[in-house]
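Q: Here's a sequence, model it:
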Amino acid sequence: MSSPAASTAPAGSGADPARDSIAANVARPPRAQRAWLLAACLLALLLRVGTAPEVFGGDPVVRSRVALDGTDGYYHLRRAWLILADWPHVPQRDAFLGPPAGGLVQWGPLFDLVLAALAKVYPAPPTLALEAVGARLPALLGLAQVLAVAVLARRLGGAAVSAALLAAVLPAVVRFTLLGALDHDPFIELLMLLVLVALAGRIGRAREPLRRLLPAALLATAGLAALPLTWAGCVLHFGMLAAALAGAFLAGGRRAAAAPALVLAVAAVAAAAVVAPFAAASPWSRSGESAFAGLSWLHVAALALLAAGAAVMALAGGAVLSRAERTAALVAGGLGALIAAVLLPRVVASFLAGLHFALRDNAFLAAVAESRPLLFLFGGFDARPALVRLSALPLLLPLLLLVPVVRRFAARTRSNAGTLSIDAPTATGCGFVLGWSAAALALALLQARYSHAAAVAVAVLGGVAWAQVRRPQRVAMGLALLPCLAAYVPLPGFAGLRLYGRAADLVTSGMAEATAFLAATGPPPPAWRDAAGEAHDAVLAPWSAGHWIHWRAQRPAVANPFGPHGQSAFADGVRFWLLADDRQALALLRRHRVRWVVAPTSPQPPWELAALAGEDPRPWRLDQPGAQDRFLRSMGARLAWSPQVPFLREVYRTRASRRAADGSLESLLRVYEVMPAAPPPGPITARGRAPSGP
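A: So this is what the prediction gives:
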């Protein structure tokens, strides 16, 4: 598709060519384009429901329940359940997160409130309603992303259908919006797209009454306020917005970027005012250096700084803004600077702590696959994940889009009336999407989870490039998508990157069986329905299984995937597996009200556990003297291979197993009960299950 036709209005005629060009971009698309857009949405839906066999019916223990991908989705269900139990209160602390003190929930309240609201109107009992809605919500958000990408590409002078098709098929977008991939990531990217749509609609539009600024400002305010109310890590998305605006400024000139900068300044300071009461009430604002891990004053300060910077960029446009617009920029920038000056002394320590946590060699981040660099997703250097998730387009598209930007620099002209040249909106749009894409791709290289944001940016980038290039370059763009096939069809050497045919980790780890057994041993503790209630009968298991235990077993867990920040018992939950002294181990279990211990028969390497617990990992490495003997005396090794711990008795082994070296089958997990003062006479028999003593 070609770019919109250029206006030929003469200088001084009163017509604004830039405004006419943008108006053409957002005009109603013709019928053929609507049909192609519908086809893109249908394709997106088909690709995202390909995991239905693994999600619905993938649980080998309870066929009526869904098997979500990953672990975080299960705590979203848990928190939404608590909201339904005390509607519409959203708990910020949960006794299930490391009893007896409990822990802080790291996520903002918005996404879980939306999930609970949808489940509230779903025609099923609350537990089944939450699982049904939670399994389908990511795919619906994926469809909304495809439509938002099309609108954004069109507003930037690009091909809406091409952008929508890319958003429909790029594996990094599909990966996070698959059926059953419940998490807040697709919601975050949709909010980001809405803010970008609001800004892009103002490119090249200036000297208009402030009332015409209002719709874009309201949309951007809603998106900016919703971002920190959903996820604490959205500060990096504020950085991506700043990068997009900087790209527009550099490519199209200060006048072309003035109007979107004004919208961002007004919206950011308004969003700061919306978020401030939530930050004031958040316990994370009182958690010192750990405040970066949850909603806190840090997010208000970040919005204020964004407003101040955008206001400076808007005022740099000079006479291209009306007096009322310049006044609005001054007020927004002044308020942003004032708020930032007040809050920065309070939040700088938590910001530096978060930066240190994200950038240093961190044991917890290294243990989470999506927190590793994209090129090191599987440990060593491997370019396959980047090529399959993002295709080769990130290498090609910047080269294609630099052409109109360079032309703009070479021939930047203004008419006698002082209006923008007709090339300005195109160059500004190219710079806008290039700045955003560069920031998103850089983040993806640092942490693989941002490959979702990068792929959305690449989709818009591709739509803009499609409208600027000719047939040979379009053929090259099509060929650049070939690596993506590995995500959808079996190819030799790419098995770990295929999106379909993979059983959920809940099943392959054996935790589907273990959690079903634990749930059947008795009613849940009071904290199941009340986040502030008593949390007894806790479970000590590998930290990665914590959220499965919260939802499926309906039991508190000592350690969980939230990690060390805001979780009072995380270190103890990891350190237990390294203890050799029975008295210390029993004291730890009693301290955290543990009744059940779930032990993997393939223990995690002790040096990794030591690093997670905040201890020196070096004495545990295999090349250290006595390390092997020390490991064999530890709880992790004893419970895996020689269950002879006097205060624990084995009550269940999973049928899920692996083939041992001698050819026999070895259960993946063993479940132990902490013995009371007088041992019970026989093995536990869970409701509906056979006796399962050792």
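Q: So for the longest helix belonging to the chain, mean pLDDT?
A: Determined from DSSP state H, the single longest helix within the chain is helix 323-359. For helix 323-359, mean pLDDT is 91.
Q: And for stretch 465-479?
A: pLDDT averaged over stretch 465-479 gives 89.
Q: Could you do stretch 654-662 as well?
A: For stretch 654-662, the mean pLDDT works out to 86.
Q: buried set for that stretch?
A: Under the neighbour-count criterion of 16 or more other C-beta atoms under 10 Å, stretch 654-662 has 654, 656 buried. Every residue, glycine included, has its C-beta placed from N, CA and C.
Q: same question, stretch 384-402
A: Within stretch 384-402, the residues scored as buried using 16+ other C-beta under 10 Å are 384-394, 396-398, 400-401.
Q: Could you do stretch 143-159 as well?
A: By 16+ other C-beta under 10 Å, the buried positions in stretch 143-159 come out as 143-159.
Q: Surely Val598 is within a helix?
A: No. Counting by DSSP: H, G, I helix; E, B strand; the rest coil, Val598 is located in no helix; its state is strand.
Q: check contacts around it.
A: Val598 is in contact with 511, 514, 518, 539-542, 545, 549, 669-672, counting by C-beta atoms under 8 Å, 6 or more residues apart in numbering.
Q: change it to 7 Å
A: The neighbourhood of Val598, defined by C-beta atoms under 7 Å, 6 or more residues apart in numbering, consists of 514, 539, 541, 545, 669, 671.
Q: Not counting residues beside it along the chain, what's closest to it?
A: Excluding the flanking residues, the one nearest Val598 by C-beta to C-beta, 6 or more residues apart in numbering is Ala541, at 3.8 Å.
Q: so who does the one you found touch?
A: 549, 557, 598.
Q: Pipe the residues you listed into a markdown table and attach distance to Leu128 per row.
A: Shown next, in a markdown table, are the contacts of Ala541 (distance: C-beta to C-beta, whole Å):
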| residue | distance to Leu128 |
| --- | --- |
| Ile549 | 19 |
| Ala557 | 23 |
| Val598 | 25 |
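Q: domains of the chain?
A: For the chain, the structural domains run 17-48+106-487, 509-674, going by automatic domain parsing.
Q: Buried deepest among the ones you listed, which one?
A: Mean neighbours per residue, mean count of other C-beta atoms under 10 Å, is largest over those for domain 17-48+106-487, with a mean of 21.
Q: Tell me where the model's unsure across the stretch 201-350 of the chain.
A: Applying pLDDT under 70 to the stretch 201-350 of the chain flags the ranges 206.
Q: can you check the stretch 351-500 of the chain too?
A: Ranges of the stretch 351-500 of the chain meeting pLDDT under 70: 361, 401-424.
Q: give me that answer again for 50
A: 413-422 (pLDDT under 50).
Q: doesn't Trp620 make contact with Pro606?
A: Yes. When contacts are counted by C-beta atoms under 7 Å, Pro606 is listed as touching Trp620 (4.0 Å).
Q: before we move on, the earlier item: now, which of the contacts of Val598 lie within strands?
A: When the contacts of Val598 are checked against strands (DSSP state E), the matches are 539, 669, 671.
Q: which residues do Pro606 and Trp620 both contact?
A: Phe631.
Q: all helices in the stretch 551-694 of the chain, in order from the N-terminus.
A: Here the stretch 551-694 of the chain has its helices, by DSSP state H, counting those that start in this stretch, at 570-575, 582-591, 606-612, 627-632, 635-641.
Q: Reformat these as JSON lines; add mean pLDDT and distance to Glu534.
A: As requested, those are exported to JSON lines (pLDDT from 0 to 100; distance: least, C-beta to C-beta, whole Å):
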{"stretch": "helix 570-575", "mean pLDDT": "96", "distance to Glu534": "19"}
{"stretch": "helix 582-591", "mean pLDDT": "95", "distance to Glu534": "15"}
{"stretch": "helix 606-612", "mean pLDDT": "94", "distance to Glu534": "28"}
{"stretch": "helix 627-632", "mean pLDDT": "92", "distance to Glu534": "36"}
{"stretch": "helix 635-641", "mean pLDDT": "93", "distance to Glu534": "26"}
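Q: right, so of the ones you listed, which gets closest to Gly379?
A: helix 606-612 (12.7 Å; C-beta to C-beta).
Q: Point out the other helices and strands that that closest one packs with.
A: Helices and strands touching helix 606-612, by 3 or more C-beta pairs under 7 Å, 6 or more residues apart in numbering; DSSP states H and E, are helix 363-367.
Q: Please name every helix or strand in contact with the helix it packs on.
A: helix 606-612.
Q: could you dump the helix it packs on to CSV, C-alpha only?
A: C-alpha atoms of helix 606-612 as CSV (Å, rounded to 0.1, in the frame of the first residue of the first chain):
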residue,chain,number,x,y,z
PRO,A,606,22.9,-26.3,45.7
TRP,A,607,25.1,-23.4,44.5
GLU,A,608,22.0,-21.9,42.8
LEU,A,609,19.9,-22.4,46.0
ALA,A,610,22.6,-20.7,48.1
ALA,A,611,22.7,-17.7,45.7
LEU,A,612,18.9,-17.4,45.8
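Q: what does that helix rub up against?
A: Applying C-beta under 7 Å, 6+ apart, the contact partners of helix 606-612 are 363-364, 367, 574, 577-578, 616-617, 620-621, 631, 634, 636.
Q: Also stretch 480-499?
A: By C-beta under 7 Å, 6+ apart, the surrounding residues in contact with stretch 480-499 are 50, 169-171, 174-175, 178, 384-385, 387-388, 391-393, 396.
Q: In helices, which of those fall?
A: Among those, the members falling in helices are 169, 171, 174-175, 384-385, 387-388, 393, 396 (criterion: DSSP H).
Q: of all those, which comes closest to Ile203?
A: For the ones in helices among the contacts of stretch 480-499, the nearest to Ile203 is Leu393 (23.0 Å; C-beta to C-beta).
Q: quick one, what contacts that closest one?
A: Contacts of Leu393 (C-beta under 7 Å, 6+ apart): 458, 462, 477, 480.
Q: Check Trp107 too.
A: 184, 231.
Q: and it, helix, strand or coil?
A: Classification of Trp107 by three-state DSSP places it in coil.
Q: Tell me how far it lies from Leu45.
A: Remark: distance between Trp107 and Leu45 (C-beta to C-beta, to the nearest Å) = 27 Å.
Q: wait, what's in contact with Leu578?
A: Residues in contact with Leu578 (C-beta under 7 Å, 6+ apart) are 606, 609-610, 613, 634, 636.
Q: so how far is Asp572 from the residue nearest to it when sequence neighbours are not counted?
A: Take Leu578 and drop its neighbours on the chain: the residue closest to it by C-beta to C-beta, 6+ apart is Ser634, 5.2 Å away. Computed as C-beta to C-beta, the Ser634 to Asp572 distance reads 15 Å.
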